[in-house]
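S.K.: How does the following fold in three dimensions:
(chains A and B)
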Protein chains: 2
Amino acid sequence: MFTSLLAATATAGVPATPGEVVAAAPAAAWRDIPVADLIEMTLSDGRVVTLQLAPALAPAHVANIRRLAAARWWDGLAIVRVQENYVVQWGDPEEPGRAPKPLPPGMQATSERDYDRPLAGLRLTPLATRDAYAARVGFADGWPVASDGRRAWLPHCYAYLGVGRNLSPDAGSGAELYVVNGTPPRALDRNIAVVGRVIGGMEHLSVLPRGTGPLGFYARPEMRVPIVSIVPGSGRRWQQFDTASPTFARYAHLRMNRRDSFFIRPAGGADLCNVPVPVRPAP
Amino acid sequence: MFTSLLAATATAGVPATPGEVVAAAPAAAWRDIPVADLIEMTLSDGRVVTLQLAPALAPAHVANIRRLAAARWWDGLAIVRVQENYVVQWGDPEEPGRAPKPLPPGMQATSERDYDRPLAGLRLTPLATRDAYAARVGFADGWPVASDGRRAWLPHCYAYLGVGRNLSPDAGSGAELYVVNGTPPRALDRNIAVVGRVIGGMEHLSVLPRGTGPLGFYARPEMRVPIVSIVPGSGRRWQQFDTASPTFARYAHLRMNRRDSFFIRPAGGADLCNVPVPVRPAP
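M.R.: Now for the predicted structure:
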């Protein structure tokens, strides 16, 4: 694969920027994302947000989210909270005097043990950088991963998907979800379950009006953003970079050492969340 | 100050969260922001964005920006670019066949030397954490600062203000400005001038529609967001935490070691951009 990449780029010049590496990547550098890992949120006016779930890193929560999507549990519910530089959150709005919407049958119990998993069993490609929150960081199976050497977890990066919860020991069922819309709130890592990411249509969530109530909740019900539907992935197929490939290694190296003509001082490192895994609709 | 803080909190309980530390901070923990360091952007419908400039860290660019604001140079120009998870940018829109708007007299020349400054002369309060982009990080005079031990610079945090430029050696005059609207693009540090931050009304910038042209430029002129005015600070007065105070040290410690009832595993560190300096309208 590496040889063919070099051959392919020899005539056009070796890709010198992360974007050029992605554009010149051979087909073998891309992996199909399983359709079972996708869910699609539709807002009004046909705005579609595509989310990818991470079953290897959050199996119990992902099982629940798949079940909720299959049951069309969120259809007709709403985005209830948009906190500036923090999160966009949706679920069953709390209404005085109304009982919460019943969850579908077969939901799995969750606990604090679902916030991380054993590092063993993951094929970790390390990222040679410093991280404020973890002893080791890298990538496994298309996902950024942080680790203390024993356990591993998904980081709270921009556009990443987490499971809302109340105070511990509640670990959240997966019915209440949020997406990061600002500075990666990595202090939440291992304190709450990260279970996936937005791979399409993030701009439909990031532009939503900020809520004016406490924690960014919409102060009045009519401010909420209705959810037309959230369904299991069915239509468009997606691909992501193989994070164990030499193409990804080259991409990550260039993200840490920018040599685009714009840059005059390469950083020599990068935050884990600043090496986004390339994702695209399948060609 | 430390004694009085302890005395003040002994009865009410020691503040245990960053927010409680801010709420309980004594008046001595706050510093007035010089009015000369403020500029105010007004968009249509009375939306106001307040920006604070950092003259100690970016003197040449800040002098130019003050001059441009005093000349009302941006009035009637527009926000021309909103790139998802990157920047919001404004200035004089490029139009085929139209000459750029002349700059006011007295603008300072700028160069790559303006992207950082000597560490010596700054009173740095270190932040005990790991950083992917700098050997040392901390705070000076109300600002986050990164350093290699010799030079010091402002980081590209969320809501921070930078000076657009073309390819080097152009270092940007200050007439073209951008604000970070996503993951801190710290790879830009020392490659472009960071000169300030949004301290009020960031939500008016973060919700702007993303541009559909290359790099998030608005594809058609009518999509641009008109700037009613950008003027020197005049009205509301603002304050920021004294980053050399024990109150700030306590706040930063709690940002790195969250003990709110929600948290079960304190991180023991924090990204520099995840310890935002508290700012408020003067009481």
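S.K.: can you list the residues of the stretch 101-250 of chain A near chain B?
M.R.: For the stretch 101-250 of chain A, the residues in contact with chain B (C-beta under 8 Å from any C-beta of the partner chain) are A:112, A:129-133, A:157-159, A:167-168, A:181-187, A:189-191, A:202-203, A:206-210. Every C-beta, even on glycine, is put in place using the N, C-alpha and C of the backbone.
S.K.: Can you flag the buried ones in those residues?
M.R.: Among those, those classed as buried by 16 or more other C-beta atoms under 10 Å in any protein chain shown are A:112, A:129-133, A:157-159, A:181-187, A:189-191, A:202-203, A:206-208, A:210.
S.K.: Walking through chain A, point out its helices one by one.
M.R.: A:2-10, A:18-24, A:59-70, A:202-206, A:246-256 (DSSP state H).
S.K.: Could you export those as a markdown table, including mean pLDDT?
M.R.: Converted to a markdown table, these look like this (pLDDT from 0 to 100):
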| stretch | mean pLDDT |
| --- | --- |
| helix A:2-10 | 33 |
| helix A:18-24 | 96 |
| helix A:59-70 | 98 |
| helix A:202-206 | 98 |
| helix A:246-256 | 97 |
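S.K.: Turn those into CSV, columns for distance to A:Ala267.
M.R.: Shown next, in CSV, are those (distance: least, C-beta to C-beta, whole Å):
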stretch, distance to A:Ala267
helix A:2-10, 24
helix A:18-24, 13
helix A:59-70, 34
helix A:202-206, 24
helix A:246-256, 6
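S.K.: Which one, of the ones you listed, ends up nearest to A:Glu176?
M.R.: When the helices of chain A are compared by C-beta to C-beta, helix A:59-70 sits nearest A:Glu176, at 10.3 Å.
S.K.: So which bits of stretch A:210-229 are buried?
M.R.: So stretch A:210-229, judged by 16+ other C-beta under 10 Å, has buried residues A:210-211, A:216-218, A:223-225, A:227-228.
S.K.: Sort out which one of the residues you listed lies nearest B:His61 for me.
M.R.: Nearest to B:His61 among these: A:Arg210, at 29.3 Å, using C-beta to C-beta.
S.K.: can you tell me which residue is nearest the centre of chain A?
M.R.: The centre of chain A sits closest to A:Arg197, judged by C-alpha atoms, centre = their mean, with a distance of 1.8 Å.
S.K.: Next, work out how far apart A:Leu68 and chain B are.
M.R.: 23 Å (C-beta to the nearest C-beta, to the nearest Å).
S.K.: Now do the contacts for that residue.
M.R.: Counting by C-beta atoms under 8 Å, 6 or more residues apart in numbering or on different chains, A:Leu68 touches A:74, A:103-104, A:174-175, A:230.
S.K.: Drop anything exposed from these.
M.R.: Here, 16+ other C-beta under 10 Å leaves A:74, A:103, A:174-175, A:230 buried among those.
S.K.: does any part of stretch A:258-267 sit near chain B?
M.R.: Yes. Using C-beta under 8 Å from any C-beta, stretch A:258-267 reaches chain B at A:258, A:261-267.
S.K.: Can I get those in a markdown table including distance to A:Gln108, neighbour count and pLDDT?
M.R.: Putting the residues of stretch A:258-267 next to chain B into a markdown table (distance: C-beta to C-beta, whole Å; neighbours: other C-beta atoms under 10 Å in any protein chain shown; pLDDT from 0 to 100) gives the following:
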| residue | distance to A:Gln108 | neighbour count | pLDDT |
| --- | --- | --- | --- |
| A:Arg258 | 43 | 20 | 93 |
| A:Ser261 | 51 | 9 | 88 |
| A:Phe262 | 48 | 14 | 91 |
| A:Phe263 | 47 | 17 | 94 |
| A:Ile264 | 52 | 15 | 93 |
| A:Arg265 | 49 | 14 | 94 |
| A:Pro266 | 45 | 15 | 94 |
| A:Ala267 | 42 | 22 | 94 |
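S.K.: Farthest-apart pair in these, please.
M.R.: A:Ser261 and A:Ala267 (16.2 Å).
S.K.: Pull out the buried positions in stretch A:148-161.
M.R.: For stretch A:148-161, by 16+ other C-beta under 10 Å, it's A:151-161.
S.K.: Fine, thanks again, bye for now.
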